[in-house]
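Student: Task: produce atomic coordinates for the following.
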Amino acid sequence: MRAAYTVKGPVKHVGVTFTPFINLDIDPFGHSGWNLGMMAGPIYANARQHRYFYDVKPEFELPDRPTYRASGGYSGTQFIAALSKRFDRYWVGSFVRYDTLRGAAFADSPLVERDRAWAAGVAIAWVLGESSQKVQVED
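Tutor: As a prediction, the model looks like this:
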């Protein structure tokens, strides 16, 4: 469960989300140090959260954007796969994510233009320093 706040102007509570995900982390190549993480699950939010993003108040109504008031409930489903490895002096990782809003409580909001989205990324991090004494952890 996560509470969200806006800091634009005075700090204001804008809702709560609940994301019960299932996560699986494995070494896909067998003792190579690579980590493959896969995560999936639904997203739920209260009406306050949905209204913050998807409401259209009467003063902002246009011919192609009617007034809309969102309700709380199901917010879509998210699927993520990530692959990473730590080397001596650097770390590399990548991910791909798919989001679907099909069946979401706010799916009929005029502000929703698509009911699905893909995202991907790659990262490299250099290790600038580390402890001289390391602890071995068995997985």
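
Student: Dead centre of this structure: give me the residue that sits there.
Tutor: residue 78 (7.2 Å; Cα atoms, centre = their mean).

Student: what about that residue, distance to residue 59?
Tutor: From residue 78 across to residue 59, the span is 33 Å (Cβ to Cβ, to the nearest Å). Heads up, the C-betas are built off the backbone N, CA and C, glycines and all.

Student: Could you grab the helix/strand/coil label for residue 118?
Tutor: Secondary structure state of residue 118, per DSSP: H, G, I helix; E, B strand; the rest coil, is strand.

Student: Now do stretch 85-100: distance to the chain's middle.
Tutor: Taking Cα atoms, centre = their mean, to the nearest Å, the mean C-alpha location of stretch 85-100 is offset from the chain mean by 15 Å.

Student: Quick one: residues in contact with that stretch.
Tutor: Stretch 85-100 is touched from outside by 32-35, 76-84, 115-127, with contacts defined as Cβ atoms under 8 Å, 6 or more residues apart in numbering.

Student: What ranges does the chain have for its strands?
Tutor: 2-6, 12-18, 22-26, 34-45, 73-86, 90-100, 116-126 (DSSP state E).

Student: Which strands or helices does the second one pack on?
Tutor: If I follow you right, that is strand 12-18. Contact analysis of strand 12-18 by 3 or more Cβ pairs under 8 Å, 6 or more residues apart in numbering; DSSP states H and E lists strand 2-6, strand 34-45, helix 47-54 as its packing neighbours.
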